[in-house]
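*Asks:* Output the structure for:
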Amino acid sequence: MGQINILVVDDELNVRQLLSKVLTKEGYQVYTACDGLEGLDLLQTISIDIIISDIKMPKMTGIEFLHRVKEMDPDIGFILITAFATMETAIDALKSGAQDYVTKPFDITEILTAVKKLCLPVQQGAPFGGNFGVGKDQFRVNSKSPKMQEVLQLAKQVAACGSTVLLTGETGTGKGYIARALHQWGLRSDKPLINVNCGAIPDNLLESELFGYEKGAFTGAVSPKPGRFELADGGTIFLDEIGDISPSLQVKLLRVLQEKTFERLGGIRSIKADVRVIAATNKNLLKEVREGRFREDLYYRLNVVPIHIPPLRERVEDIEDLVTFFLEDSARISNTNIRKQMTADVMKCLKAYTWPGNIRELENIIERCVVICSGNLIQVDSLPIEVREARESSHANQSKQEPMLNNAIDSIEKEVIQKAMNECGGNKTKAALALGISRRSLHRKLQKYAMND
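*Replies:* I've put the predicted structure just below:
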């Protein structure tokens with residue numbers, strides 16, 4: 001794992017110095033900026049993994065800075081610091097793309113905990129951007145694939161009903177996109193959509209992430225903090241990688257689904273949660289239930305409306321539109337009006353490949369092609385070798401299959417001609433008439449199959 005780069009943006013010098021000292025001691029590479037404008041300048045020259053930014057700053061607020069950062073690179077992790085911790089502030093921060101927020105005065109342990117939560121996706125190579133599973137803005141609503149059209153139609157049907165939905169499918173197929181579509185098409189679209197990647201957060205942190213905590217609940221809890229269920233009240237919570245949560249958390253999650261109430265960590269007051277739950281997993285949860293790793297009662301609570309997202313190899317019809325979108329997105333991020341194009345041979349290679357990493361893999365390959373291609377026309381040699389070999393393998397298989405097909409056709413044709421000749425007593429004129437071909441054509445075919453007298 002490479003070193004993680006952190007940018008601290010705060011107009012207070014003592015805050016910048018404190019965080020820089022502590023984070024450097026923890027092994028991070030730390031950069032600092034006194035405001036959002038200086039932070040944006042640094043992002044032009046330095047690759048940053050995580051940003052810690054104050055909200056109230058001169059020249060540009062932390063929220064404005066957050067929006068600008070997400071336009072440049074939606075995969076950067078973002079932690080906001082605020083002295084005015086209200087529910088509205090927290091929701092605004094999370095809806096704007098921040099992964100976490102910390103209130104002033106803060107305990108340094110809380111900052112370190114928030115940073116460590118964000119480091120996990122960086123180490124595993126997963127995108128930060130909203131934890132939608134594909135990064136950036138996902139695929140478009142319109143799909144040419146009959147399978148995806150069925151998925152989108154079902155999503156539109158169930159969006160307004162408010163029922164719990166379980167999204168299944170391989171990693172990188174776009175489950176997060178469907179979760180967002182369900183929220184946007186539903187009756188809660190004006191309320192928060194809160195995302196939690198259960199697989200990226202350690203179990204001991206996930207409980208406080210979901211349900212919040214009271215002051216003094218653990219070391220570093222210097223002030224109370226609402227959890228994601230509380231922040232999602234009236235809206236939707238998307239629990240990605242739900243199959244990875246521990247048995248103890250499964251019990252607590254089951255209670256929330258059944259009773260619509262929970263308590264913060266270290267608290268005794270029951271909190272009501274009017275929340276629509278959308279869960280997603282790439283695991284076979286029925287198998288997990290049979291093998292004792294997932295509660296059967298929780299499974300049936302989650303699996304009210306199941307929606308399976310097909311892998312990219314089963315919806316090849318969408319590849320061309322996806323490529324166009326990712327190329328346009330690349331031009332937008334690089335702030336250029338020049339969009340690179342794919343040759344027809346490149347597109348044939350992309351359609352022949354099986355895409356084990358699905359849409360996420362396609363996006364990464366398009367990004368690679370854009371970076372290494374010197375001109376504006378992307379050629380086959382810009383593709384990874386496994387993608388180029390997929391088309392060669394497809395051609396080889398086709399070459400093997402063509403003789404087999406031709407032999408089968410010849411065998412059938414010979415049998416039909418022989419039958420016609422027998423029924424016509426060997427009379428070629430009558431046989432040709434019965435077959436619907438000229439006598440000359442019949443003569444050639446008799447010669448071809450060595451059927452002449």
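
*Asks:* quick one, phi/psi of F238?
*Replies:* The phi and psi torsions at F238 (degrees, to the nearest 10) take the values phi -110, psi 110.

*Asks:* doesn't A280 make contact with it?
*Replies:* Yes - with contacts counted by Cβ atoms under 8 Å, F238 reaches A280, the gap being 7.2 Å. Placement of C-beta: from N, CA and C, glycine included.

*Asks:* Find residues that contact each of the two.
*Replies:* Jointly contacting F238 and A280 under the rule Cβ atoms under 8 Å, 6 or more residues apart in numbering are 176, 179.

*Asks:* how about the strands of the stretch 1-150 of the chain, start to end?
*Replies:* For the stretch 1-150 of the chain, the strands defined by DSSP state E, counting those that start in this stretch occupy 5-9, 29-33, 50-54, 77-82, 100-103.

*Asks:* Give the pairing partners of the fourth one; include direction for each.
*Replies:* Here strand 77-82 has these sheet partners by DSSP bridges: strand 50-54 (parallel), strand 100-103 (parallel).

*Asks:* Which residues does the longest one contact?
*Replies:* The set of residues external to strand 50-54 that reach it, using Cβ under 8 Å, 6+ apart, is 4-12, 15, 19, 36, 39, 62, 65-66, 69, 76-82, 111, 115, 118-119, 122.

*Asks:* now those residues: which count as buried?
*Replies:* With burial judged by 16 or more other Cβ atoms under 10 Å, the buried subset of the contacts of strand 50-54 is 4-10, 15, 19, 36, 39, 62, 65-66, 69, 76-82, 111, 115, 118-119, 122.

*Asks:* what would the strands of the stretch 1-150 of the chain look like in JSON lines with distance to S143?
*Replies:* Listed next are these as JSON lines, based on distance: least, Cβ to Cβ, whole Å:
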{"stretch": "strand 5-9", "distance to S143": "37"}
{"stretch": "strand 29-33", "distance to S143": "42"}
{"stretch": "strand 50-54", "distance to S143": "34"}
{"stretch": "strand 77-82", "distance to S143": "31"}
{"stretch": "strand 100-103", "distance to S143": "34"}
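
*Asks:* Which of these sits closest to E361?
*Replies:* Across these, E361 has its closest neighbour in strand 77-82 (22.0 Å, Cβ to Cβ).

*Asks:* Now do that closest one against strand 5-9, angle only.
*Replies:* 20 degrees (axes from the mean of the first three to the mean of the last three Cα atoms, to 10 degrees).

*Asks:* quick one: strand 77-82 to chain centroid distance?
*Replies:* Strand 77-82 sits 23 Å away from the centroid of its parent chain (Cα atoms, centre = their mean, to the nearest Å).

*Asks:* In terms of helices and strands, where is A431?
*Replies:* Of the helices and strands defined by DSSP states H and E, A431 is found in helix 428-435.

*Asks:* what's that helix packed up against?
*Replies:* Here helix 428-435 touches helix 385-423, helix 439-448, going by 3 or more Cβ pairs under 8 Å, 6 or more residues apart in numbering; DSSP states H and E.

*Asks:* Same question for the shortest one: list its buried residues.
*Replies:* Buried residues in helix 439-448, defined by neighbour count with 16+ other Cβ under 10 Å: 442, 445-446.

*Asks:* follow-up on the earlier one: in CSV: the strands paired with strand 77-82, plus mean pLDDT, mean neighbour count and distance to M421.
*Replies:* Below are the strands paired with strand 77-82 laid out as CSV (pLDDT from 0 to 100; neighbours: other Cβ atoms under 10 Å; distance: least, Cβ to Cβ, whole Å):
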stretch, mean pLDDT, mean neighbour count, distance to M421
strand 50-54, 94, 25, 81
strand 100-103, 82, 20, 83
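
*Asks:* Tabulate these (TSV), appending distance to Q44.
*Replies:* Compiled in TSV, the strands paired with strand 77-82 are given as follows (distance: least, Cβ to Cβ, whole Å):
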stretch	distance to Q44
strand 50-54	14
strand 100-103	25
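
*Asks:* Of all the ones you listed, which one is nearest R290?
*Replies:* strand 100-103 (36.1 Å).

*Asks:* Residues touching the closest one, excluding its own?
*Replies:* Residues outside strand 100-103 that contact it (Cβ under 8 Å, 6+ apart): 78-83, 85, 89-90, 93-94, 110-111, 114, 117-118, 223, 225.

*Asks:* go again using 7 Å as the cut-off
*Replies:* Residues outside strand 100-103 that contact it (Cβ atoms under 7 Å, 6 or more residues apart in numbering): 79-82, 85, 90, 93, 110-111, 114, 117, 223.

*Asks:* Any regions of the stretch 51-200 of the chain where pLDDT drops low?
*Replies:* For the stretch 51-200 of the chain, the stretches with pLDDT under 70 are 84-89, 120-141.

*Asks:* and with 50 instead?
*Replies:* 121-138, 140 (pLDDT under 50).

*Asks:* So I271 belongs to a helix, correct?
*Replies:* No - under DSSP: H, G, I helix; E, B strand; the rest coil, I271 falls outside any helix and is assigned strand.

*Asks:* domain parsing for the chain?
*Replies:* 5-127, 146-310, 314-383, 402-448 (automatic domain parsing).

*Asks:* Adding distance to R391, write those out as JSON lines.
*Replies:* Shown next, in JSON lines, are the domains of the chain (distance: least, Cβ to Cβ, whole Å):
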{"stretch": "domain 5-127", "distance to R391": "27"}
{"stretch": "domain 146-310", "distance to R391": "21"}
{"stretch": "domain 314-383", "distance to R391": "4"}
{"stretch": "domain 402-448", "distance to R391": "16"}
